[in-house]
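Colleague: I'd like to go over a predicted model; first the sequence, then the structure.
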Amino acid sequence: MAFWDLFRRKDVGHTVEELARRLGLSEADLRAVQPTYREFFVPKRAGGRRRILAPDDKLKAIQRRILHRLLAGLSSHPAAMGFEFGESIATNALKHVAKPVVVRMDIQNFFESTRTSRVEDYFRKIGWNREASRLLVKLTTHGAGLPQGAPTSPRLSNLVNHLFDARLAGMAAKVGAQYTRYADDITFSFSTDDRKAIHAVIRLVKRVASENGYALHHGKKLRIRRRHQRQLVTGLVVNQRPNLPRRVRRWLRA
């Protein structure tokens, strides 16, 4: 039996008492928290509405402590470019400049599809016992996944997906491609126009996404762009160098 299986069967690791100490709260107060969220919707740039779950002030303060005291020093995969210190839409786009082929895919409902079971497994892996992990899940998730609007959700989404990113980055390396993920936005760029490799990567992404509880957008959300077409990565044109789309440049000059 693997060490991780043994670890999970035995309730070992840091306790709720240790969790309360690190968060600067009493154990009783921490256990008594009843997470409350306010739901509202904001328009998406491409149409439709995005659901936001905003935690109440007390819960938000605790989530910020979890973020800064428990999660801040932990390592996500280098391919995770969103919500990471020193990274931006520009540094993400730079990874894919002047490539023969750029492929983009989007994950549907990314945060809420990052399942609570995976979040609990992650807390167990970083050393919290079962009880403390479940309390952390209670404080950082809502329903079946991560709430979009909680300060902990962006960081947790990257940490939980370390293996997801590692598998896709490994596949990219095998076929001479570059992989990055900016939140729900997956990008591969290829050094050659190898159609077999491109479609093998797309199949792998769909399989790995499904294994982790995600579904990809289809149709227009799967974009394969070659040199003679406009290649967009996180909103920037990357055919020659990272640049704003022409319509945005015109709007800024107006």
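Modeller: That came through fine. Numbering: from 1, shown residues only.
Colleague: In whichever strand or helix holds residue 117, which residues are buried?
Modeller: Assigning secondary structure by DSSP states H and E places residue 117 in helix 116-125. Along helix 116-125, these residues count as buried under the neighbour rule (16 or more other Cβ atoms under 10 Å): 116, 118-120, 122-125. All C-beta atoms are positioned from the backbone trio N, CA, C, and that covers glycine.
Colleague: in the stretch 151-254 of the chain, which spans are strands?
Modeller: If you assign secondary structure with DSSP state E, counting those that start in this stretch, the strands in the stretch 151-254 of the chain sit at 177-182, 185-190, 223-226, 232-233, 236-237.
Colleague: One more: the stretch 1-150 of the chain?
Modeller: Using DSSP E, counting those that start in this stretch, the strands assigned to the stretch 1-150 of the chain run over residues 37-43, 49-55, 101-106.
Colleague: Could you report the neighbour count for residue 171?
Modeller: When neighbours are defined as other Cβ atoms under 10 Å, residue 171 has 18 of them.
Colleague: what does residue 101 give?
Modeller: 22.
Colleague: got a markdown table for the strands of the stretch 1-150 of the chain, with mean pLDDT and distance to residue 185 too?
Modeller: As requested, the strands of the stretch 1-150 of the chain are arranged in a markdown table below (pLDDT from 0 to 100; distance: least, Cβ to Cβ, whole Å):
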| stretch | mean pLDDT | distance to residue 185 |
| --- | --- | --- |
| strand 37-43 | 95 | 18 |
| strand 49-55 | 95 | 14 |
| strand 101-106 | 97 | 6 |
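Colleague: what's the most buried one of those strands?
Modeller: A comparison of the strands of the stretch 1-150 of the chain by mean neighbour count, using mean count of other Cβ atoms under 10 Å, puts strand 101-106 on top with a mean of 22.
Colleague: Can you tell me the strand partners of that strand and which way each runs?
Modeller: Under the criterion DSSP bridges, strand 101-106 sits next to strand 185-190 (antiparallel), strand 223-226 (antiparallel) in its sheet.
Colleague: out of the strands of the stretch 1-150 of the chain, nearest to residue 75?
Modeller: In terms of Cβ to Cβ, the element of the strands of the stretch 1-150 of the chain nearest to residue 75 is strand 101-106, at 24.4 Å.
Colleague: tilt between the closest one and strand 177-182?
Modeller: With axes from the mean of the first three to the mean of the last three Cα atoms, to 10 degrees as the criterion, the two stretches strand 101-106 and strand 177-182 enclose an angle of 30 degrees.
Colleague: And strand 101-106, how far out from the chain middle?
Modeller: 17 Å (Cα atoms, centre = their mean, to the nearest Å).
Colleague: i'd like the first residue to be 370 from this point on
Modeller: From this message on, residue numbering opens at 370, which makes the last subject strand 470-475.
Colleague: What are the contacting residues of that strand?
Modeller: Identification of contacts with strand 470-475 by Cβ atoms under 8 Å, 6 or more residues apart in numbering yields 465, 553-559, 561-562, 567, 570-571, 574, 585-586, 590-596, 600-602, 607.
Colleague: Relative to residue 585, how far out is the closest residue to residue 594 other than its chain neighbours?
Modeller: By the measure of Cβ to Cβ, 6 or more residues apart in numbering, the closest residue to residue 594 outside its immediate chain neighbours is residue 600, 4.4 Å from it. From residue 600 across to residue 585, the span is 19 Å (Cβ to Cβ, to the nearest Å).
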